[in-house]
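Visitor: Sequence plus predicted model, see below.
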Amino acid sequence: MSAAEGPLVVGVDTSTQSTKALVVDVATGRVVASGQAPHTVTSGAGRESDPRQWWDALTEALRQCGEAAHEAAAVSIGGQQHGLVTLDEHGEPVRPALLWNDVRSAPQASRLVEELGGAKAWADRTGSLPTASFTVTKWAWLAEHEPDAVRATKAVRLPHDYLTERLTGQGTTDRGDASGTGWWASATEAYDEEILAHVGLDPALLPRVVRSGEVAGTVRDGHDLPFSKGTLVACGTGDNAAAALGLGVRPGTPVMSLGTSGTVYAVSEHRPADPTGTVAGFADARGDWLPLACTLNCTLAVDRVATLLGLDREAVEPGRGVTLLPFLDGERTPNLPHSSGLLHGLRHDTTGGQLLQAAYDGAVYSLLAALDLVLDEDADPSTPLLLIGGGARGSAWQQTVRRLSGRPVQVPEAKELVALGAAAQAAGLLTGEDPAAVARRWGTAEGPVLDAVERDEETLSRLAGVLSDAAPLLERAPGNG
Ligand SMILES: Nc1ncnc2c1ncn2[C@@H]1O[C@H](COP(=O)(O)OP(=O)(O)O)[C@@H](O)[C@H]1O
Ligand SMILES: O=C(CO)[C@@H](O)[C@H](O)COP(=O)(O)O
């Protein structure tokens, strides 16, 4: 491997299933070294992870990067959004983090919407209608179910904040990830003291929101990571905002990410405020906005269906008539937190491959239903949809998105767009460039374009029909007559 041309930076993606680290050459965008280590997430009623595992995974991922990580001049961390990390006076977790896909706080979400002025008021104020994914609903759930944990909490952080703070010793966050809490007002770009007071959270427990381009801190002494003391640390951001940076997208280009979560989003200069709650009005990591729709059931749900059928994930077969809504974890888009998977249209001649294809269709449908809503009205429909995340590597995912969207689909060759976005943010600290411009200079979005095919309207309307007809079933938990 040839020597780097420019300084090196480290970009990290601490996502739901694993932490990935890249060492990147600032001059060329070449990935000089990489590492990855898994996390565990609880199953059953909730979805929780021990934040200390994220730190251990970061240590391991950086160890795999070898010598190159030692040379990094700056580092930045992107991470799964929304997770509630509660720390005691020593900075130790009071309890495991409640993750974005934990739906136990659905009753608190509905209650908060009602108590604070209704859907439109929330959208106008915070840009979003809080669902069970939002941090504010998790805090309200904790206050109700574990008041001792709330009393012991001396700092509240998001997943990427937790790791950044362990690097720098300072409690910081950024506008992108703050916008997914439900207690950050997008209208004023500040913490919303009324919402915080309503849920009994002291603003002093929250991190400082660092501006884009500002240094969050420097690496402190006394840990086992391969960074030198004084290495610059950027503010980091939520994983979707980081991927938007990593692709260098401009308004009008839609992105679909297929990972543990499915997301569809675009950068916009207009502050979103969707009172239906389909689109979350997130901020991006620069100074624009990131209207986004997110599903809870994506690659893991489809892989689970493949496993149940005893099929490889690519063993799909075309077929009409069978519909599978893969809501194995409940769902967020549409907002059906208590729902479960639903199968309709099964016949004697339905094959396993057709059932598997139906699972892909069901997972992609909800994301595509939100596609036009995240794009500005004047967006050009012939602009390719950028397909990223682990699922984007799979042919069945690519072909399903292509058929159900009717759009050209571009699959960037770069694999870890979240970590690359974090690396671009770290690079921006060194060069003074806009991180999105850094990513464009690196050519991170480049990759083959699959031409548009005719949109499969029949499948789309069948899915819409089943979703609507099955509404009463999907609104309640299985077995809860
Ligand atoms: N070649 C592939 N084809 C289809 N799916 C894949 C492939 N490789 C990985 N995946 C899926 O990608 C998922 C991980 O994606 P990733 O974006 O890394 O997730 P996250 O960031 O949520 O942890 C896994 O659940 C796996 O099902
Ligand atoms: O909740 C959201 C977005 O609002 C999710 O997209 C999380 O940010 C988790 O991301 P992955 O682990 O699937 O990348």
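Guide: All right, it came through fine. Ligands and ions are numbered 1, 2, ... in the order given.

Visitor: show me the contacts for residue 136.
Guide: Each residue near residue 136 by Cβ atoms under 8 Å, 6 or more residues apart in numbering is listed here: 112, 130, 181, 182, 183, 195, 199. Heads up, the C-betas are built off the backbone N, CA and C, glycines and all.

Visitor: Confirm that it sits in a strand.
Guide: No. When DSSP: H, G, I helix; E, B strand; the rest coil is applied, residue 136 is found to be helix, with no strand at that position.

Visitor: Identify the farthest-apart pair in the contacts of residue 136.
Guide: 112 and 181 (12.3 Å; Cβ to Cβ).

Visitor: Below-threshold pLDDT in the chain: ranges please.
Guide: 1-2, 480-481 (pLDDT under 70).

Visitor: Repeat the analysis, applying 50 as the threshold.
Guide: Counting by pLDDT under 50, the chain has low-confidence residues at 1-2.

Visitor: Now do the residue of it most remote from its centre against residue 316, distance only.
Guide: Distance to the chain centre peaks in the chain at residue 348, reaching 39.1 Å (criterion: Cα atoms, centre = their mean). Distance, residue 348 to residue 316, using Cβ to Cβ, to the nearest Å: 20 Å.

Visitor: who has more neighbours, residue 112 and residue 181?
Guide: The residue with more neighbours, out of residue 112 and residue 181, is residue 181; 28 against 21, by other Cβ atoms under 10 Å.

Visitor: what sits against the more buried one?
Guide: 82, 134, 135, 136, 158.

Visitor: hmm, back to that, could you measure from the residue farthest from the centre of the chain over to ligand 1?
Guide: Residue 348 sits 30 Å away from ligand 1, going by Cβ to the nearest ligand atom, to the nearest Å.

Visitor: and if you look at residue 108?
Guide: Residue 108 is 24 Å from ligand 1, by Cβ to the nearest ligand atom.

Visitor: That residue touches residue 135, doesn't it?
Guide: No. Using Cβ atoms under 8 Å, residue 108 is not in contact with residue 135; the gap is 11.3 Å.

Visitor: Looking at these two, which one has more neighbours?
Guide: residue 135 (28 against 23).

Visitor: Find the closest residue to ligand 1 in this structure.
Guide: Using Cβ to the nearest ligand atom, the single residue of the chain nearest to ligand 1 is residue 390, 2.1 Å away.

Visitor: Skipping its backbone neighbours, what lies nearest that residue in space?
Guide: residue 259 (5.3 Å; Cβ to Cβ, 6 or more residues apart in numbering).

Visitor: same thing with residue 186?
Guide: Among residues not flanking residue 186 along the chain, residue 127 sits closest, at 3.6 Å (Cβ to Cβ, 6+ apart).

Visitor: contacting residues around that neighbour?
Guide: Applying Cβ under 8 Å, 6+ apart to residue 127 gives the contacts 179, 186, 187, 271, 272, 273, 280, 281, 282, 283, 289.

Visitor: repeat that for 10 Å
Guide: Residue 127 makes contact with 179-180, 182, 184-187, 271-274, 279-283, 289-291, according to Cβ atoms under 10 Å, 6 or more residues apart in numbering.

Visitor: Flag every residue of the stretch 201-350 of the chain that's near ligand 2.
Guide: Contact residues (Cβ under 6 Å from any ligand atom) of the stretch 201-350 of the chain with ligand 2: 238, 239, 240, 259, 260, 261, 263, 280, 294.

Visitor: ok, 8 Å please
Guide: Residues of the stretch 201-350 of the chain lying close to ligand 2 by Cβ under 8 Å from any ligand atom are 238-240, 257, 259-263, 280, 282, 292, 294, 298, 332.

Visitor: Out of the residues you listed, which sit inside strands?
Guide: 238, 257, 262, 263, 280, 282, 292, 294 (DSSP state E).

Visitor: quick one, helices of the stretch 1-150 of the chain?
Guide: With DSSP state H, counting those that start in this stretch, the ranges of helices along the stretch 1-150 of the chain come out as 51-65, 67-70, 106-115, 118-126, 135-145, 147-152.

Visitor: Sorry, slip of the keys, the one I care about is the stretch 351-481 of the chain.
Guide: 352-369, 371-374, 395-405, 417-431, 435-442, 457-469, 471-474.

Visitor: Ligand 2 is nearest to which of these?
Guide: Of all the helices of the stretch 351-481 of the chain, helix 417-431 sits nearest to ligand 2, with 6.8 Å by Cβ to the nearest ligand atom.

Visitor: do that closest one and ligand 2 meet?
Guide: Yes. Helix 417-431 lies within reach of ligand 2 by Cβ under 8 Å from any ligand atom, at residue 418.

Visitor: Is ligand 1 within reach of that helix?
Guide: Yes. Using Cβ under 8 Å from any ligand atom, we find that helix 417-431 touches ligand 1 at residue 418.

Visitor: In PDB, list the C-alpha atoms belonging to that helix.
Guide: Only the C-alpha atoms of helix 417-431 are listed here, as PDB (Å, rounded to 0.1, in the frame of the first residue of the first chain):
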ATOM      1  CA  LEU A 417     -20.700   6.200   4.000                       C
ATOM      2  CA  VAL A 418     -21.400   7.100   7.600                       C
ATOM      3  CA  ALA A 419     -17.800   6.600   8.600                       C
ATOM      4  CA  LEU A 420     -16.700   8.400   5.500                       C
ATOM      5  CA  GLY A 421     -18.900  11.300   6.400                       C
ATOM      6  CA  ALA A 422     -17.400  11.500   9.800                       C
ATOM      7  CA  ALA A 423     -13.900  11.400   8.200                       C
ATOM      8  CA  ALA A 424     -14.900  14.200   5.900                       C
ATOM      9  CA  GLN A 425     -16.000  16.200   8.900                       C
ATOM     10  CA  ALA A 426     -12.700  15.600  10.600                       C
ATOM     11  CA  ALA A 427     -10.900  16.500   7.400                       C
ATOM     12  CA  GLY A 428     -12.900  19.800   7.300                       C
ATOM     13  CA  LEU A 429     -11.400  20.700  10.600                       C
ATOM     14  CA  LEU A 430      -7.900  20.400   9.200                       C
ATOM     15  CA  THR A 431      -8.400  22.100   5.800                       C
END
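
Visitor: Alright, calling it a day.
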